[in-house]
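Enquirer: sequence-free structure coming up:
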């Protein structure tokens, strides 16, 4: 029995002596199904019957197992290949067997969700295969810092059984406080989305319909915030594109990332704007296990109405240990009476040099989850909303450039599993503007995405 099949599949670049060995799949067995519909299983297994040759058969069998895994309805899938000994067996006939164990009808869990230096506890209850074709229904409740609360019901389904094309719908209610801007917000809404892959990268297209209630935290909130208090309705289409070929999402050593987010609001409701946000990152491995990383990002939001205003909860904010280090959270850009108002345009960049810890303590063990780094950050956030496109000339851009902030420093990075990290840095804000909230000295950052 050829049970020890490499989980990653055959190496496409290697020489394959078995490539010329004749083989035909005469039987495919999928064991352990109870809820899963036959048509879903047949769709993924069918390509195996067209395999020609032993190498192609093994490659296709591994690919089928990966597709079944991506459906998220199995706890375990064991692949085995053996010669076929049944009726009308051919000399080159084989039997491919998938031994599966379906997930339970109802599962639950508690997890931690990390944001920009805040943390939420998420309670989930979900059913992974509701109607037998890999549909999932999930109920979530979120309790976190900054007085954030929320709950939602989400439905997800692969289109035509393809895990690379997912459609979903979500009903939710979320609330949170934003003390740096002096307001709290309660959102109730519905979203519909479609995720799919292309030759260029991953896409997600989502429609959001949200009823938003913005209230001031106290009488000391700035008038610029208080005048925006009340209800608003936003109906928007959001397209997210991501192409990520980095070798690691937390501490990459090579590869690039391109992420573009575009939002058009104005299908209905009283919020009408176009918002564009882009992030580009490049990583290069250097001698002595060091890595050079450069990240640039920027965005702009413009009203679709003449003299229209962009609400504070649709603007860009900059500053803090995850974006522009050396400043307090959202401490860069327009402020009024101590409240951050955000901007309708921003740009930022970060240049990092990551190195192993001095003297390499714990090499090969715990030392591999630590890195020391040296960095320089620049960025700015402001308003050009009242300017027309033809007014965004060199003079305006030069004025915007003259408001750049810069900070530099060094610190230690700690990997938290495979998605998040902690930074402890000593930062010096070298350039700042009047009204900024700077933070010279030691700064702690916890999050998933850092500049």
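Expert: Structure received. This is a predicted model, so every value here is computed, not measured.
Enquirer: In the chain, where's the longest helix?
Expert: helix 54-70 (DSSP state H).
Enquirer: name the helices or strands packed onto the strand ranked longest in the chain?
Expert: If you go by DSSP state E, the chain has its longest strand at strand 162-178. Judged by 3 or more CB pairs under 8 Å, 6 or more residues apart in numbering; DSSP states H and E, strand 162-178 is in contact with helix 54-70, strand 149-159, strand 183-197. Yep, even glycine has a C-beta here, placed from its N, CA and C like the rest.
Enquirer: what packs against the longest helix of the chain?
Expert: If you count contacts as 3+ CB pairs under 8 Å, 6+ apart, helix 54-70 packs onto helix 38-45, strand 74-83, strand 93-102, strand 162-178.
Enquirer: Is it correct that residue 415 falls within a helix?
Expert: No. Assigned with DSSP: H, G, I helix; E, B strand; the rest coil, residue 415 falls outside any helix and is strand.
Enquirer: Check the contact between it and residue 250; I expect there is one.
Expert: Yes. Applying CB atoms under 8 Å, one finds residue 415 in contact with residue 250, separated by 5.3 Å.
Enquirer: and for those two, which residues touch both?
Expert: Common contact partners of residue 415 and residue 250 (CB atoms under 8 Å, 6 or more residues apart in numbering): residue 421.
Enquirer: contacting residues around residue 373?
Expert: Applying CB under 8 Å, 6+ apart, the residues contacting residue 373 are 352, 353, 354, 355, 410, 411, 412, 413, 423.
Enquirer: quick one, what contacts residue 35?
Expert: The contact partners of residue 35, by CB under 8 Å, 6+ apart, come to 73, 102, 105, 129, 132.
Enquirer: With residue 30 as the reference, measure out to the nearest residue to the first one once chain neighbours are set aside.
Expert: If I follow you right, that is residue 73. Of all residues not flanking residue 73 in the chain, residue 129 sits nearest, at 4.3 Å (CB to CB, 6 or more residues apart in numbering). Note on residue 129: its distance to residue 30, by CB to CB, to the nearest Å, is 14 Å.
Enquirer: So between those two, which is more surrounded?
Expert: With neighbours defined as other CB atoms under 10 Å, residue 129 and residue 30 compare such that residue 129 has more, 22 against 19.
Enquirer: quick one: the strands in the stretch 301-450 of the chain?
Expert: 335-336, 339-340, 345-355, 370-382, 405-416, 420-431, 441-447 (DSSP state E, counting those that start in this stretch).
Enquirer: Who does the third one pair with, and is each partner parallel or antiparallel?
Expert: What that stands for is strand 345-355. With DSSP bridges as the test, strand 345-355 is paired with strand 290-303 (antiparallel), strand 370-382 (antiparallel).
Enquirer: Residue 229: which of the ones you listed is closest?
Expert: Smallest distance to residue 229 across these (CB to CB): 19.1 Å, for strand 290-303.
Enquirer: Buried residues in that closest one, which are they?
Expert: For strand 290-303, the buried set under the neighbour-count rule, 16 or more other CB atoms under 10 Å, comprises 290, 291, 293, 295, 296, 297, 298, 299, 300, 301, 302, 303.
Enquirer: How about stretch 439-451?
Expert: For stretch 439-451, burial by neighbour count (16+ other CB under 10 Å) applies to 439, 443, 445, 446, 447, 449, 450, 451.
Enquirer: And for stretch 365-379?
Expert: 371, 373, 375, 377, 378, 379.
Enquirer: Over to stretch 31-41?
Expert: For stretch 31-41, burial by neighbour count (16+ other CB under 10 Å) applies to 33, 36, 40, 41.
Enquirer: JSON lines for these, including pLDDT and distance to residue 86?
Expert: Below are the buried residues of stretch 31-41 laid out as JSON lines (pLDDT from 0 to 100; distance: CB to CB, whole Å):
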{"residue": "33", "pLDDT": "89", "distance to residue 86": "20"}
{"residue": "36", "pLDDT": "89", "distance to residue 86": "24"}
{"residue": "40", "pLDDT": "89", "distance to residue 86": "25"}
{"residue": "41", "pLDDT": "86", "distance to residue 86": "20"}
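Enquirer: Domain map for this protein?
Expert: Domain assignment for the chain, taken from automatic domain parsing, gives 17-102, 179-447.
Enquirer: Show me the shaky parts of the stretch 101-250 of the chain.
Expert: Applying pLDDT under 70 to the stretch 101-250 of the chain flags residues 113-119, 146.
Enquirer: try it again with 80
Expert: Counting by pLDDT under 80, the stretch 101-250 of the chain has low-confidence residues at 111-120, 144-147, 219-220.
Enquirer: coming back round to it: if we compare the domains of the chain, which one ends up closest to residue 141?
Expert: Nearest of the domains of the chain to residue 141, taken as CB to CB: domain 179-447 at 15.2 Å.
Enquirer: my guess is the residue nearest to residue 73 contacts residue 36, does it?
Expert: Yes. Between residue 129 and residue 36 there is a contact under CB under 8 Å: 6.4 Å.
Enquirer: overlap in contacts of those two?
Expert: Shared contacts of residue 129 and residue 36, counting by CB under 8 Å, 6+ apart, come down to 73, 102.
Enquirer: picking up where we left off before, Three-state assignment for the residue nearest to residue 73, please.
Expert: Taking three-state DSSP, the label given to residue 129 is coil.
Enquirer: Could you report the separation of it from residue 137?
Expert: Per CB to CB, residue 129 is found 10 Å from residue 137.
Enquirer: Could you do residue 357 as well?
Expert: 45 Å.
Enquirer: again, but for residue 349
Expert: Where residue 137 is concerned, residue 349 sits at a distance of 42 Å (CB to CB).
Enquirer: what's the answer for residue 67, then?
Expert: 22 Å.
Enquirer: As JSON lines, the strands paired with strand 345-355 with distance to residue 152 and mean pLDDT would be great.
Expert: Formatted as JSON lines, the strands paired with strand 345-355 follow (distance: least, CB to CB, whole Å; pLDDT from 0 to 100):
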{"stretch": "strand 290-303", "distance to residue 152": "26", "mean pLDDT": "94"}
{"stretch": "strand 370-382", "distance to residue 152": "30", "mean pLDDT": "93"}
